[in-house]
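Student: Sequence below, structure please.
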Amino acid sequence: MVNDILHFTSQKTIVLRTRFAAGIVFLFLAANSFSGTLVFWNFNSVTQDNDPTTGTLQPAIGAGAASLVGGVTASFTASNGSSDSGSDNSNWRITLWPSQGIGNKQNGVEFRVSTVGHTNILLKWDLRNSNTASKYTRLQYTTNGTGFIDFSIIAMPAETWINGQSVDFSSVAGVNNNPNFGVRFVTEFEITATGSGVNGYVPSSSTNTYGNGGTLRFDLVEFEDNPAVPTPATSVKTFSVVSYNIWGANFEDTEANWNTNKARIQQIGRELKFLNADVIGFQEFAITNRGQVTNWVKDFLPGYFVATNSTTAGGPPNVIVSRFPIARSQSWLARASLSAFGYNGVFARDLFEAEIVVPGMPEHVHVFNVHLKAFADQDNALRRGAEALCLSNWFVTVFLQGPYRTHPYLLMGDMNEDIFRPRTFEQNAINRMANDATGLRLTTPRNPVTNDERTWSIQNSSLTIRFDYIFPSGLLFSNMNSAQVFRSDLSSPSNPFPGWLLSTDSLASDHLPVVMTFNNPFWPFSTSIHRAGSTINLSWESFTNARYRVEASSNLVQWAQRASFVATGTNTTWAATANASEQFYRVVRE
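Tutor: Coordinates of the predicted model:
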């Protein structure tokens, strides 16, 4: 009797790369929709007295200890910009830092919290640096109560509250169920924080000099038990991403002009509600209103996680939001020198990364968001080309040599160059990023009605050029399900739009959103096999438009291809006459 065994696998491409020196590193995290406060400090008086200078280190919720590290001193002052909006709004103001070149990672503040009975710990805080304070702060943690381990780098702008920052300790060994857990925020030399630069402190403001009278102000420091991270219980069969330049620089950059009553904000919100994407990368989010992102997302994308710690050389930052948890977010290359890549200047914005926990994928998806230098003149074209080389070099020598090199990844953003319509001074920036060395693949989404791949014009009245791209890695590229350039003014009988999505919503920005959906490469096949006489029938759950290969073997070592085809539906059947020497069959999704 012949034993018929059906064996299913999925195929994955692995590429080897080489290493180079890392660029400037920045890190903070922002997320929402977490739960379970362990300890919470708002530094406000226990009994409200409407005087922000009379705060307290006693936690408002839970039990924990806050203390100073090194020779710093502290006081309580009015926050005026943190997430705490109460009338008795105190923050913890730290000053008297060490002199230049002294005490690297030795001075700051410490928070002690017992995590006994708790897992997946999340730390959140608001922070503001003065002009002369150290730009770089190192977050450290301890699991034994004495030795502190370097964790995240926090790179702060000057005189601006960056609220809702967070770091996830859920994957860090020894943090869960630990009575001795604690963290420190300590100021750090640029050279140890970034791997290059000044062997000493650098100021938050590039136009100032570091001084020990600078201040760091902390507010709303919170430790949470976060059982939802790192992996949701259910898997997803597909996930979708959107790249969208929302023309934030066109808005008057005030809170009053970034709210849900503004027509253009509502247009963007309706588009995103309709697209219902899992991950969205925004470019040109207004600088001042970065603190408004969380509130805006709550209105239009309730429950989404938010990463806002993009760092730039002064231009509008990038933002990433996700339906799925963000395990980590990090800003790379901001202000990195481009001299090695043919331009005397720095990377104007940054390469912003969010590590997304897609349910059902054993490896997280790394989403990179970038906005290359704009304009068509010679100087800006040279700078854009150098940024593309710098970015590519980073992928080849840093990301693809690091701990996440086997993970799926993609790069999205406004590249400010059209691969099909190069202007006079272009430097072939697109091919510098999407190539075999980086593992990134060029894709060309088109509008399904017009078949047009262009994404930009002044208010999209007449599209002139393509600036917006999504480059998936090989694994995601081979599992690409669909892609399009979206326009709300172009409905079709096969894809009608709901009445609340207005045709004029396509005028929300001077860019159109680009949408791409991927099949989960690790989605398990639902399978069956039947044999009737000499006929073999294999059936499996499939992805429409995905290519599958059927193979057969007599020894589970040598496999011969029996068929290769593109699935036309979500269930596929293959039938063939059985060969007496074949005892095993498998289906490979290519």
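Student: so which helix or strand takes in A354?
Tutor: strand 351-356 (DSSP states H and E).
Student: now what about that strand, what contacts it?
Tutor: 279, 281, 307, 309-310, 317-320, 322, 324-333, 364-370, 391, 394, 404 (CB atoms under 8 Å, 6 or more residues apart in numbering). From N, CA and C alone the C-beta is placed, and that goes for glycine too.
Student: helices and strands around whichever helix or strand comes after that strand, which ones?
Tutor: Following strand 351-356 in sequence order, the next helix or strand is strand 365-371 (DSSP H and E). Secondary-structure packing of strand 365-371 (3 or more CB pairs under 8 Å, 6 or more residues apart in numbering; DSSP states H and E): strand 238-245, strand 279-283, strand 319-322, strand 351-356, strand 409-414.
Student: Dig out what the residue most central in space within the chain forms beta bridges with.
Tutor: The centre of the chain sits closest to A354, judged by CA atoms, centre = their mean, with a distance of 1.9 Å. For A354, the beta-bridge partners are S329, V367 (DSSP bridges).
Student: what separates it from V319, distance-wise?
Tutor: 9 Å (CB to CB, to the nearest Å).
Student: avg pLDDT for stretch 305-320?
Tutor: The pLDDT scores in stretch 305-320 average 79.
Student: Which stretches in the chain count as helices?
Tutor: Assigned by DSSP state H, the helices in the chain fall at 190-194, 263-275, 293-300, 378-397, 429-433, 474-477.
Student: For A60, find the nearest of these.
Tutor: A60 sits nearest to helix 293-300 of all the helices of the chain, at 20.3 Å, using CB to CB.
Student: residues near the nearest residue to R349 once chain neighbours are set aside, how many?
Tutor: Spatial nearest neighbour of R349, chain neighbours left out: T312 (4.4 Å); criterion: CB to CB, 6 or more residues apart in numbering. Using other CB atoms under 10 Å, T312 is surrounded by 20 other residues.
Student: In this structure T312 contacts A334, no?
Tutor: Yes: under the criterion of CB atoms under 8 Å, T312 makes contact with A334 at 5.6 Å.
Student: Overlap of the contact sets of the two?
Tutor: Common neighbours of T312 and A334 are listed as 349-350 (criterion: CB under 8 Å, 6+ apart).
Student: okay if I get the helices of the chain as CSV plus mean neighbour count?
Tutor: Listed next are these as CSV, based on neighbours: other CB atoms under 10 Å:
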stretch, mean neighbour count
helix 190-194, 20
helix 263-275, 18
helix 293-300, 18
helix 378-397, 21
helix 429-433, 21
helix 474-477, 20
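Student: which one of these has the lowest average pLDDT?
Tutor: Averaging pLDDT over each of the helices of the chain puts helix 293-300 lowest, since it has a mean of 73.
Student: what residues are up against the residue nearest to R349?
Tutor: Applying CB under 8 Å, 6+ apart, the residues near T312 are 334, 348-350.
Student: can you do 6 Å?
Tutor: 334, 349-350 (CB atoms under 6 Å, 6 or more residues apart in numbering).
Student: Check the gap between it and T406 for me.
Tutor: T312 is 30 Å from T406, by CB to CB.
Student: still on that earlier bit, measure the residue nearest to the centre of the chain to S45 for me?
Tutor: Taken as CB to CB, the span from A354 to S45 is 37 Å.
Student: Next: T207.
Tutor: For T207, the distance to S45 equals 36 Å [CB to CB].
Student: go on, S534?
Tutor: Taken as CB to CB, the span from S534 to S45 is 85 Å.
Student: same thing with W161?
Tutor: From W161 to S45 the distance is 21 Å (CB to CB).
Student: Among those two, which residue is more densely surrounded?
Tutor: With neighbours defined as other CB under 10 Å, W161 and S45 compare such that W161 has more, 21 against 18.
Student: Isn't L382 up against F341?
Tutor: No: when contacts are counted by CB atoms under 6 Å, L382 is not listed as touching F341 (9.8 Å).
Student: gap between stretch 208-222 and the chain center?
Tutor: When C-alpha coordinates are averaged (CA atoms, centre = their mean, to the nearest Å), stretch 208-222 and its chain have centres 26 Å apart.
Student: Show me the contact partners of that stretch.
Tutor: Contacts of stretch 208-222 (CB under 6 Å, 6+ apart): 40-42, 79, 82-84, 91-95, 97, 99-100, 124-133, 201, 203.
Student: Can I have the buried ones of these as a ChimeraX selection?
Tutor: Buried subset of the contacts of stretch 208-222, written as a ChimeraX selection, criterion 16 or more other CB atoms under 10 Å:
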select :40,41,42,79,82,83,84,91,92,93,94,95,97,124,125,126,127,128,129,130,131,132,133,201,203
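Student: number of nearby residues for the closest residue to K105 other than its chain neighbours?
Tutor: Residue nearest to K105 in three dimensions, not counting chain neighbours: V186, with 4.7 Å by CB to CB, 6+ apart. A count of nearby residues for V186, using other CB under 10 Å, gives 23.
Student: what does G71 give?
Tutor: 13.
Student: now swap in N416 and tell me
Tutor: Look at N416: counted by other CB under 10 Å, it has 22 neighbours.
Student: I'd like to know how far it sits from W456.
Tutor: Separation of N416 from W456 (CB to CB): 9 Å.
Student: Next: T115.
Tutor: For T115, the distance to W456 - CB to CB - is 49 Å.
Student: Specify which residue of those two has the higher count of neighbours.
Tutor: Ranked by neighbour count (other CB under 10 Å), T115 and W456 place T115 first, with 23 against 19.
Student: Show the contacting residues for that one.
Tutor: 121, 178, 181.
Student: Mind doing that once more with 7 Å?
Tutor: 38, 121, 175-178, 181 (CB atoms under 7 Å, 6 or more residues apart in numbering).
Student: got the buried residues for stretch 396-410?
Tutor: Judged by neighbour count (16+ other CB under 10 Å), stretch 396-410 contains these buried residues: 396-401, 404, 407-410.
Student: Same check on stretch 445-461?
Tutor: For stretch 445-461, burial by neighbour count (16+ other CB under 10 Å) applies to 445, 447-448, 453-456, 460.
Student: Can you give the distance of it from its chain's centre?
Tutor: 26 Å.
Student: Contacts for that stretch next, please.
Tutor: By CB under 7 Å, 6+ apart, stretch 445-461 touches 444, 463-468, 483-485, 487, 490, 492, 495, 506-507, 510-512, 514, 516.
Student: of these, buried ones?
Tutor: Of the contacts of stretch 445-461, these count as buried by 16+ other CB under 10 Å: 463, 466-468, 483-485, 487, 490, 506-507, 510-512, 514, 516.
Student: Next step: those residues restricted to strands.
Tutor: Counting by DSSP state E, the buried ones among the contacts of stretch 445-461 place 468, 483-485, 514, 516 in strands.
Student: Strands of the stretch 451-590 of the chain, residue ranges please.
Tutor: Per DSSP state E, counting those that start in this stretch, the stretch 451-590 of the chain carries strands over the ranges 468-472, 480-485, 514-519, 527-532, 535-541, 547-553, 560-566, 571-577, 584-589.
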